[in-house]
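1. Build me a structure from this.
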Amino acid sequence: GTLNISRWVQGMSLRSQLNYTLGSESDITSMALTTGKPLSEGYRMTLGVSQISASQKTTYTGGFTKNQGGYGMGVNASYADTGEVTLSIQLIVAMGQDPHQKDWLLNARPMASEGAASIRLFLDDNNNSVMDDHELPISGAGFTVNGGRHRARTNAAGIAHIDRLPVRKSVDIGVDIATLEDPQWSSQVVGFNLVPRPGTMAELEFPVSLTTEIDGTVYLLENDVERGIGDLDLELLNDQHEVVGKTTSGWDGFY
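-> Alright, predicted model coming up:
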């Protein structure tokens, strides 16, 4: 049998393991104690000691791991009282290609089992929802994922990568309007409802338009006297006489 006991103490993890046999000659076959402590985000150090009862061999171990950034790394060393010394180094790199820029993305954590999205934001001058050669990308913009703000920001090319998306589940992605540098910018697309697939990076486009505001007063002119008309529906039409905006005037006719 095996007995495991673990506990967190002042930011450190303590784990102990006891292996034993039961029968006519019950005995403890081995025991081990390990401790781990996070050094900073993505970095961790571990120390441990173990003993095998049959050979009375005691082994001391130490390790350092990194699982943040473009690559992961693990360095482990051990020393046994029998004179054996072991050193191992492990390098972990996950790779994926960005569908917008066609460059390779490196990550310290596996990517094949999770979903991701490559998002491009640009200022759409002619409102055709396509990024033309003369149109500029928008950098420093953020996004919302299922209503919460995500840490990703667009780069100089207007592209951001959102990873660690749950697969085979509906995910809502939209532009965080508060991160746009111009308050008059507005995304032409409210958002996307995406169902990420494992190991696949979705390609999303968010065209942004420069908007303005129209205000005024609706009034009735009678005997040279202006009287505001409230609760009146107004519509804004484009060149094709299609309704692109609606509002209702206030009690004094202001809209």
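2. what about Ile13, how many neighbours?
-> Check again: residue 13 is Ser, not Ile. 15 (other CB atoms under 10 Å). The way it works is simple: take the backbone N, C-alpha and C, and place the C-beta from them, glycine included.
3. Assess the claim that it and Thr35 are in contact.
-> Yes. At 6.6 Å, Ser13 counts as touching Thr35 under the criterion of CB atoms under 8 Å.
4. show me what contacts Arg120?
-> 100, 131, 137, 154, 157-159, 204-206 (CB atoms under 8 Å, 6 or more residues apart in numbering).
5. can you rerun that using 6 Å?
-> 100, 158-159, 205 (CB atoms under 6 Å, 6 or more residues apart in numbering).
6. so after the helix or strand hosting it, what's the next helix or strand?
-> If you go by DSSP states H and E, Arg120 is part of strand 115-123. Scanning forward in sequence from strand 115-123 by DSSP H and E, the next helix or strand is strand 142-145.
7. Quick one: list the elements packing against whichever helix or strand comes after that following strand.
-> Following strand 142-145 in sequence order, the next helix or strand is strand 148-149 (DSSP H and E). Contacting strand 148-149 under the criterion 3 or more CB pairs under 6 Å, 6 or more residues apart in numbering; DSSP states H and E is no other helix or strand.
8. what comes into contact with strand 148-149?
-> With CB under 6 Å, 6+ apart as the criterion, strand 148-149 contacts Asp176.
9. Alpha carbons of the strand holding Arg120, in CSV - could you do that?
-> Taking Å, rounded to 0.1, in the frame of the first residue of the first chain, the C-alpha atoms of strand 115-123 are listed here in CSV:
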residue,chain,number,x,y,z
GLY,A,115,-7.9,26.3,-28.4
ALA,A,116,-6.6,29.7,-29.5
ALA,A,117,-7.5,32.7,-31.6
SER,A,118,-5.5,35.2,-33.7
ILE,A,119,-7.3,38.5,-33.8
ARG,A,120,-6.6,41.5,-36.0
LEU,A,121,-7.9,45.1,-35.3
PHE,A,122,-7.7,47.8,-38.0
LEU,A,123,-9.2,51.2,-38.8
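10. That one - what's its average pLDDT?
-> Here strand 115-123 scores 94 as its mean pLDDT.
11. what do you get for stretch 4-16?
-> Mean predicted lDDT for stretch 4-16 stands at 91.
12. ok, now stretch 54-73?
-> 90.
13. can you give me how far it is from the chain middle?
-> Centre-to-centre, stretch 54-73 and its host chain are 28 Å apart (CA atoms, centre = their mean, to the nearest Å).
14. Which stretches in the stretch 101-250 of the chain count as strands?
-> For the stretch 101-250 of the chain, the strands defined by DSSP state E, counting those that start in this stretch occupy 104-107, 115-123, 142-145, 148-149, 159-165, 171-176, 185-187, 192-194, 201-210, 219-222, 225-228, 233-237, 243-248.
15. Can you tell me which of these is packed in deepest?
-> Per residue and on average, the most neighbours among these fall to strand 115-123, with a mean of 22 (mean count of other CB atoms under 10 Å).
16. on that earlier part again, now the contacts of Arg120 as TSV including distance to Leu221 and pLDDT?
-> Putting these into TSV (distance: CB to CB, whole Å; pLDDT from 0 to 100) gives the following:
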residue	distance to Leu221	pLDDT
His100	56	89
Gly158	50	94
Ile159	54	95
Glu205	48	95
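17. Just name the closest of the residues you listed to Gly48, please.
-> Nearest to Gly48 out of those is Ile159 (CB to CB; 43.2 Å).
18. That closest one: what's it in contact with?
-> So Ile159 contacts 100, 120 (CB under 6 Å, 6+ apart).
19. Can you name the residues bridging to it?
-> Under DSSP bridges, the beta-bridge partners of Ile159 are Arg120.
20. separation between it and Thr29?
-> For Ile159, the distance to Thr29 (CB to CB, to the nearest Å) stands at 56 Å.
21. just Asn193 next, same as before
-> 55 Å.
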